[in-house]
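>>> show me the folded form of this:
(one chain, ligands or ions: 1)
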Amino acid sequence: MASAPTLAIIGGGQLARMMAQPAIALGLPLRLLAEAEGVSAAQVIPDQLVGDYRDLGTLRTATSDCAVVTFDHEHVPTEHLAALAADGVAVRPGPDALVYAQDKGLMRERLGELGAPCPRNAVVATPDEVEAFGLPCVLKITRGGYDGRGVWVVRSVADVAEPFAAAEAAGHGDGAVRVLAEELVDFRRELSAIVARSPSGQAAAYPVVQTTQRDGICHEVIAPAPDLAPELGAQAQALALRIAGELGVTGILAVELFETVDEQGRPALLVNELAMRPHNTGHWTQDGAETSQFENHLRAVMDLPLGAPTPRAPWTVMVNILGGSAGGDVGSLYDGLPHALARDPRLRVHLYGKDLRPGRKVGHVNVYGDDLDDLLERARHAAAWFAGDLGDESE
Ligand code: ADP
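Down below sits the predicted model:
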């Protein structure tokens, strides 16, 4: 019988799968609530239940005998989290914090109160209000979006119908999902500041990274962000630590940022959004940092001392493997291993056990070292190779 406390994870995606690795090392038993049989994390966490995370009874069964519950995604209804907390399960991050990662409208309101720099924004209820806000702008549904689904750049009133219909559909017509308008930020690049925070208040900040999205999906990360002004990097880390402390976040907090230029031509930061779980922009830490974000998430939610977020090398590059238009199954990813591993013995490969559907995140590669251009070439080649985007080319 296991004597260590069991950690329940809600959601069977790749983030839960990657939490399993440090859980093995730390001797921490995991229990998984998976949305379907055989999903990414269900392949590697034997103590599992398949069920609906929107159902409180299922959540109670999944967390019974568990000391702590944490998440692979932020979609568990906030009121269910409050009910679990009332039952005596340590919900980490707790509902009072997680709600700001669940609802972009509440997140903007709270960040405004904290004085965190944000794009100009307003919740809008009608197309007229969007026009009054000003076009072009970005419209987002406040709940339920991910990977750019739920985000629209709108340039004319004709474009606003889709976001309003999406909000209506996502909220099942009860108005729980609203539409948030934001100024269309002309950013220089996107950055991400990741911190871990434990219930006792210990915190660790990873170096700020540069992230490139394609079609709203994180594609490439360079750690640390090249040519980032040291004051701006320190400002981003301090901001993330302050948000984590003020909101009472436990576990990983990722603060997605835009780097912009202020009226005086100086670099400045705006917060795009918050995630309270291991984040795609932190996958580089698995190989490029002394303690990965997944391990620090587990340590934080279990209130264990945090590990060093220190980089192992001057540079780490992460490139996501996205399913290409050709499609394919898990086997075709496995078939990519001989070439990728033989070409680059220092390549670190992370595959999620998912079929290669177009645009779907199915894995990522990490490389770390001294020569950024070399790392970029190697990581991009490997990711394209796995995705089947290199055709018959073998070099
Ligand atoms: P998701 O929750 O789906 O990841 P985000 O709010 O992070 O959605 O938006 C996805 C991407 O859309 C961002 O990474 C960024 O590239 C772009 N984006 C979001 N908000 C804005 C904005 N206000 N101005 C310009 N681009 C934006």
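
>>> what does the stretch 201-350 of the chain put close to the ligand?
With Cβ under 6 Å from any ligand atom as the criterion, the stretch 201-350 of the chain comes near the ligand at residues Gln213, Gly216, Glu256, Asn272, Glu273. C-betas here are computed from N, CA, C, even on glycine.

>>> which among those residues end up buried?
Taking 16 or more other Cβ atoms under 10 Å as the criterion, what is buried in those is Glu256, Asn272, Glu273.

>>> on that earlier part again, and the residues of the stretch 201-350 of the chain next to the ligand as JSON lines, adding pLDDT?
Listed next are those as JSON lines, based on pLDDT from 0 to 100:
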{"residue": "Gln213", "pLDDT": "91"}
{"residue": "Gly216", "pLDDT": "84"}
{"residue": "Glu256", "pLDDT": "98"}
{"residue": "Asn272", "pLDDT": "97"}
{"residue": "Glu273", "pLDDT": "96"}
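
>>> which of those fall in strands?
Applying DSSP state E to these, the entries found in strands are Gln213, Glu256, Asn272, Glu273.

>>> tell me how far the longest helix along the chain lies from the chain's centre.
Ranked by number of residues, the top helix in the chain under DSSP state H is helix 230-247. With Cα atoms, centre = their mean, to the nearest Å as the basis, helix 230-247 stands 17 Å off its chain's centre.

>>> average pLDDT for that helix?
Averaging pLDDT along helix 230-247 yields 98.

>>> Pro77 reaches Asp55, doesn't it?
No. Contact criterion Cβ atoms under 8 Å: Pro77 and Asp55 do not qualify, at 9.4 Å.

>>> got any ranges where this structure has weak pLDDT?
1-2, 325-327, 391-395 (pLDDT under 70).

>>> tell me where the stretch 1-150 of the chain has strands.
7-10, 30-34, 48-50, 68-71, 90-91, 121-124, 137-141 (DSSP state E, counting those that start in this stretch).

>>> which residues are in contact with the residue nearest the centre of the chain?
Nearest residue to the geometric centre of the chain (Cα atoms, centre = their mean): His279, 2.9 Å. Residues near His279 by Cβ atoms under 8 Å, 6 or more residues apart in numbering: Ser192, Ile194, Ile252, Ala254, Gln293.

>>> let's see it at 10 Å
Going by Cβ atoms under 10 Å, 6 or more residues apart in numbering, His279 touches 15, 192, 194, 211, 218, 221, 252-256, 293, 297.

>>> out of these, which sit inside helices?
Per DSSP H, those map to helices at Leu15, Gln293, His297.

>>> can I get the contacts of His279 in JSON lines including distance to Gly323?
Below are the contacts of His279 laid out as JSON lines (distance: Cβ to Cβ, whole Å):
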{"residue": "Leu15", "distance to Gly323": "18"}
{"residue": "Ser192", "distance to Gly323": "23"}
{"residue": "Ile194", "distance to Gly323": "26"}
{"residue": "Thr211", "distance to Gly323": "20"}
{"residue": "Cys218", "distance to Gly323": "15"}
{"residue": "Val221", "distance to Gly323": "19"}
{"residue": "Ile252", "distance to Gly323": "26"}
{"residue": "Leu253", "distance to Gly323": "29"}
{"residue": "Ala254", "distance to Gly323": "23"}
{"residue": "Val255", "distance to Gly323": "28"}
{"residue": "Glu256", "distance to Gly323": "23"}
{"residue": "Gln293", "distance to Gly323": "24"}
{"residue": "His297", "distance to Gly323": "26"}
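
>>> and which of these is nearest the ligand?
Nearest to the ligand among the contacts of His279, counting by Cβ to the nearest ligand atom, is Glu256 at 5.6 Å.

>>> go ahead and confirm the closest one touches Val208.
No. The criterion here is Cβ atoms under 10 Å, and Glu256 misses it with Val208 at 11.2 Å.

>>> now do the shared contacts for those two.
Leu191, Ser192, Ala193, Ile194, Thr281.

>>> could you find the closest non-adjacent residue to the last one?
When you say that, I think you mean Thr281. Closest residue to Thr281 apart from its sequence neighbours, by Cβ to Cβ, 6 or more residues apart in numbering: Ser192 at 3.6 Å.

>>> next, the contact list for Leu139, please.
124, 130, 133, 150-154, 159-160, 162-164, 166-167, 179-182.

>>> return the subset of these lying in helices.
Those of the contacts of Leu139 lying in helices (DSSP H): Val130, Phe133, Glu162, Pro163, Phe164, Ala166, Ala167.
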